[in-house]
Structure formats: structure tokens, C-alpha cells
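Student: Structure, please.
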Amino acid sequence: MKIRTVETFLVQSSLQKPFVTALRTVHTVQSVIVKLTAENGLIGWGEAVPTHVITGDSIGSIRYAVERVLAPELIGQDVTKREILFERMNRALVGNPSAKAGVDLAIHDLFGKLCKLPLVQLLGGYRESLSTDLTVSVGTPIEMAHEAAKHLAKGFTTLKVKIGTGSLQEDRKRVREIRRKVGADVVIRLDANQGWKPKEAIRMIQQLEDDGMDIELVEQPVAAYDIEGLKEVTRQTQTSIMADESLFSTVDARRLLEIRAVDVLNIKLMKSGGIHEALKINALAQAFGIECMMGSMMETAVGVTAAAHFAASQSNITRVDLDAPLLLSKGFESGGLQYNGSAIELGSGPGLGFDSNRMGQWMKEHACE
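Tutor: Down below sits the predicted model:
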């Protein structure tokens, strides 16, 4: 089955409230929807989001990469020969992980539809459902505690708390206030988004340990490039440390794993360039005895559905941070994943389970061109 056309569409979704981290403040989510159409009329869908401060991708660079660089490599090629497709893509384009991810997701969706199986089954079929955390964005200690309590009331028992801005004392107050508000049974994960220097991170995490805050893990406490600093934080603290912005490819994963720089890896399709590379990262981590989390950027349900299928297919992905669609002001009614509180249901439709007619209507409603 050969690919006939490759198209992109720009959509925009508003957030319920600004999403604040140590790296940026997001008010709306803009993304590029990738549409692959095969010669028999089957359609594969993917999503690529610009996250300038992490991947370096922009709306313009994504669309140019997909339409001008990758499309000529794909049109006329057989979607059943996926290794050839990914080889052609990587040979034609260095970097640009989000653009590659958008195409990669669409290829996998199209292949699933050809096989008439949900993607989760094609990739491994380990689980049928998932449970996600819900994020508390940066604010004052009282504001963050109030938001955490609202998440708890919705049935979420695992919270991902954004910190890393302002003083260490302010971050400590944020965590202590949230723990006081939600109680001892709620799982708390911290994400500093590179907000600390190594010595600051060690001091902060040790203080939280002494405070009895019972933090499950701390994500990317130091700068992405500072692998030695990351290793030192891991060595001098009892709390699990997870790499996020330090991890894009299998090359990054191998470096982190060989020196035992972290305890957990956070895989995101927009960083890895899609499912093809993400499978390799997860397999490498498993070989080293290191578990993985499945995360996402600020994406719509298109990209997050693909991440959920990938996460559910793999036994080594033991944690899930796929709440981005829950932060948007409008729901997604075009198929794909469904939320029931913290539970994520994948559905039984082929590929990623999207309804192409409803996808077309959704893109018209959210078009921003």
C-alpha cells in the first residue's frame, strides 16, 4: 500500500488556564496535524507541536520539514516497509524531532488501519488501559495547593508538580503546602524543568527528604546538557531522579544509562522523533534495568493518543504523564483515547482509532490559518 499524499494543517486549542513551568508560560496550544493518504483511500493521522525551548521546533520549521523535505521521501513508498520509510526520513533530515514525530505517528496509524488492529496491539499489547497523573503548574504555594486539591477531588491520586522558579525556599513551601493539603496517600512527582544547579538540587531534594515529603521522583532538576551534574544529584539523594530534556535519542539514553546518571527515563514522542525511536530507547532502558515514564508536550489528543498506545504496549513503561488534553478548554470528539478521571481507555478501533470525517470537522473548528 503506497502513500499518495502528505498534508499538514495548523490548529490551535485554548487552555483552561495558563500553564506555567520553569521554562515557559503557555496560553494556547498550536500544533501541526499531519495527514497521510494511501492509494486505497486509508488515512493516517499524526501531530507535531512546536516546543522552542526544548526541541527547537517551530510551526514554520515543522511544516517546511514535513511538506518540503519528508513528503518527497514518502510519496510513492509502501507503508508496509516501515524501516525503509524511517531510514529515508532520517537520511533526509537531521534533528527536527517533532516534525519527524508527526509523520512517524501518521505512518503507524496508517499501518494499524491497514492491519485492522489497534496500534497498541501491533506494538506489543501489554495493557488495555492506563492511569495518568495530572499536573499542577507553577504558582504561589496556596494557589498550587488549591489546584492540587481540585485534582484530587476529580479522582487523581498522582500529581505532577511544576517547580524550579523563584527561590529554593519558595519551592520548598510549594511542596510542603501541597503535601499538607492532599495528605500522605497521594503520589507527588516534582518537575523542575532544569530550574536548579546541581548543588541547589541536592540541597533542595535532601531538605524535602528530611521534611518527610515522600516525593516519588524529581524530573530534570538540572540543565539538560549537564549530565555529570545529573549524575551527582542522583548519587547524593535517595529520591529517584528522572531525565527529560536530557533525553532525545538512543544515543542520549545510552550515555545516561552507562554512567547511571538517572533512575528513570521520560520518553516523549516529540523528542524522540516518534514511536520508531521511542521503542529503541525503551528497549535499551529495559536492558539496563531502568524503567520509563511516558510523557508528552502540550499536545492535543491526536499526539497523546499515540503516546498512550505506545505506553500501553510496553511492560517497561511503568509511569504515565499524559494529561495535556485534560488541560484544554474543549474536549476532543474525533475518536482516539478517552479519559475517565485518571483512567485512559484506548478503544478498539484500528490504528489510533480516529474517525477521519470527525477529524476533518475538528480541524475546521480549530484552524488558525
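
Student: In contact with the residue nearest the centre of the chain, which residues?
Tutor: The centroid of the chain falls nearest to residue 296 when counting by Cα atoms, centre = their mean (1.4 Å). Applying Cβ atoms under 8 Å, 6 or more residues apart in numbering, one finds that residue 296 lies in contact with 268-270, 303-304, 307, 321-322, 324. For glycine as for every other residue, the C-beta is placed from the backbone atoms N, C-alpha and C.

Student: how about 6 Å then?
Tutor: 268, 304, 307, 322, 324 (Cβ atoms under 6 Å, 6 or more residues apart in numbering).

Student: Distance check, the second one against residue 326.
Tutor: The spacing between residue 304 and residue 326, counted by Cβ to Cβ, to the nearest Å, is 9 Å.

Student: Report the spatially nearest residue to residue 173, omitting neighbours in sequence.
Tutor: Distance criterion Cβ to Cβ, 6 or more residues apart in numbering; nearest residue to residue 173, sequence neighbours excluded, is residue 141 at 4.4 Å.

Student: Per-residue pLDDT of that neighbour, please?
Tutor: pLDDT, residue 141: 97.

Student: so how many other residues sit close to it?
Tutor: Each residue near residue 141 was counted by other Cβ atoms under 10 Å, and the total is 18.

Student: right, and it touches residue 177 too?
Tutor: Yes: in this structure, residue 141 is within contact of residue 177 by Cβ atoms under 6 Å, at 3.9 Å.

Student: Name the spans of the stretch 251-369 of the chain whose pLDDT lies under the cut-off.
Tutor: Within the stretch 251-369 of the chain, the stretches with pLDDT under 70 are 369.

Student: Kindly recompute the last result at 90.
Tutor: Along the stretch 251-369 of the chain, segments meeting pLDDT under 90 span 331, 368-369.

Student: how about the strands of it, start to end?
Tutor: 264-268, 291-295, 317-320, 338-340, 343-345 (DSSP state E, counting those that start in this stretch).

Student: likewise the stretch 1-150 of the chain?
Tutor: 3-20, 25-38, 43-48, 129-131, 134-136.

Student: and the angle from the second one to strand 3-20?
Tutor: Pointing back at strand 25-38 there. 170 degrees (axes from the mean of the first three to the mean of the last three Cα atoms, to 10 degrees).

Student: Buried residues, strand 25-38. List them.
Tutor: The neighbour-count check on strand 25-38 (16 or more other Cβ atoms under 10 Å) flags 26, 29-38 as buried.

Student: try the longest one
Tutor: Buried residues in strand 3-20, counting neighbours by 16+ other Cβ under 10 Å, are found at 3, 6, 8-11, 13, 15, 19.

Student: Give me the distance between that strand and the centre of its chain.
Tutor: Centroid separation between strand 3-20 and its chain, computed with Cα atoms, centre = their mean, to the nearest Å, is 15 Å.
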